[in-house]
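[1] Pasting the sequence and the predicted coordinates here, then a few questions.
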Amino acid sequence: MKRKVISVLVCAAMLMTLLIGCNRGSEKTDDSSSTDEGTSKGDLKVAMCMSHQTNDFQITVTSAAIEKGKELGIEVVVFDGNNDSATQISQIESAVDQGYDGIIFEPINVDAVQNIVTYATDEGIPVVNVVGAMSDWEEYVAAYVGGDNVTAGEMEMEKVAELLDGKGNIAILNGPMGSDPQIQRHEGYDNILKDYPDITVVNEDDAEWATDKALNIVENWLQSGKEINAIICQNDGMAVGAAKAVQDAGKKDIIVTGIDATSDGIDAIESGSMTGTVSQDAAGQGSLSVETMAKVINGEKLEKTDLRTENIWIDESNVSEY
């Protein structure tokens, strides 16, 4: 009798085990289906690792990227590198480890990002370079989207040379040394200056794109008593600071120019404190970078991997259009 009871219990246990195994199998199938839905286009998540978010140009780039992402069903998450290359590398690494579907980045240092970008692509995550090009970007990323910084620098310096009738003393405010825009915009300056031997660079400093730093630097230049006929700035943020220092010193005859055509730069041109700026279409760079990333993720063939926005000179003659 005991043997019969034990036999019944064993059979019952085996039946229960079989039923549990079947249930687990059906749960696994449900999870797999849910995972497939999670990779749909509407759930794409892209990291946008920017050098900083301290001026109007950068904010315009990221705002346009976020809006274009909403239009395309892509969540764009912005990471602020605070102009620190180590911070940016760590942020890109985190985006890879967290499984982002793509990474858009603006390099703080053009040479320092090669290893981390290689790591991202080796992990199967597409990478698009925006605003400033990393060194040898063609070898590392799916595409570069940005303005042509060399021609922007050439356009700005050529306009200043024309306004000075080919002679005079100038001062230059650079962005962070070693960044792609700083290097290439200065290359543009040098390309033009070699044709104007009577234009002399009497002051040059790094204001790191910041308005307040530019203001302090130019105040010191003007207090030195050295004659300055024009101040050429590598972005509008610094140009606005330089223009404020010039106005405060009562030297309204000094030419002040910038690059980026930000809202504060446009306002300064309208008010007469800034002479002119070069537009590189900040919003266009942000939205185009997301459009390009969407194409890369979807496996579409790009018509060209080097996507540039147009440079336009803006001064009092056409500022009302912007």
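    Sure, I can see it.

[2] shaky segments in this structure?
    1-42, 304-306 (pLDDT under 70).

[3] where exactly do the helices run in it?
    Counting by DSSP state H, the chain has these helices, from start to end: 2-38, 56-72, 85-97, 114-122, 137-140, 149-163, 180-193, 211-223, 236-248, 263-271, 282-297.

[4] For residue 254, find the nearest of the ones you listed.
    helix 236-248 (4.9 Å; CB to CB). From N, CA and C alone the C-beta is placed, and that goes for glycine too.

[5] before we move on, the earlier item: among the helices of the chain, which is nearest residue 173?
    Between those, helix 236-248 lies closest to residue 173; by CB to CB that is 4.6 Å.

[6] Could I get the buried residue list for that closest one?
    Neighbour-count burial for helix 236-248 flags 236, 237, 238, 239, 240, 241, 242, 243, 244, 245, 246, 247 (criterion: 16 or more other CB atoms under 10 Å).

[7] show me the contacts for the third one.
    Taking CB atoms under 8 Å, 6 or more residues apart in numbering as the definition of contact, the neighbours of residue 238 are 173, 175, 207, 209, 210, 211, 213, 214, 258.

[8] ok, now which ones touch the fourth one?
    Residues in contact with residue 209, defined by CB under 8 Å, 6+ apart, are 52, 54, 55, 175, 176, 234, 235, 237, 238.

[9] And residue 47, how far from residue 183?
    To residue 183, residue 47 is 25 Å away according to CB to CB, to the nearest Å.

[10] With residue 45 instead?
    Look at residue 45 and residue 183: by CB to CB, they are 32 Å apart.

[11] Which one's more surrounded, the two?
    The neighbour comparison of residue 45 against residue 183 (other CB atoms under 10 Å) goes to residue 183, with 19 against 15.

[12] quick one: the more buried one and residue 111 touch, right?
    No: if you go by CB atoms under 8 Å, residue 183 and residue 111 don't touch, sitting 10.5 Å apart.

[13] re the thing from before, how about JSON lines for the contacts of residue 238, with distance to residue 292 added?
    Formatted as JSON lines, the entries for the contacts of residue 238 read as follows, by distance: CB to CB, whole Å:
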{"residue": "173", "distance to residue 292": "31"}
{"residue": "175", "distance to residue 292": "24"}
{"residue": "207", "distance to residue 292": "31"}
{"residue": "209", "distance to residue 292": "24"}
{"residue": "210", "distance to residue 292": "29"}
{"residue": "211", "distance to residue 292": "31"}
{"residue": "213", "distance to residue 292": "33"}
{"residue": "214", "distance to residue 292": "32"}
{"residue": "258", "distance to residue 292": "27"}
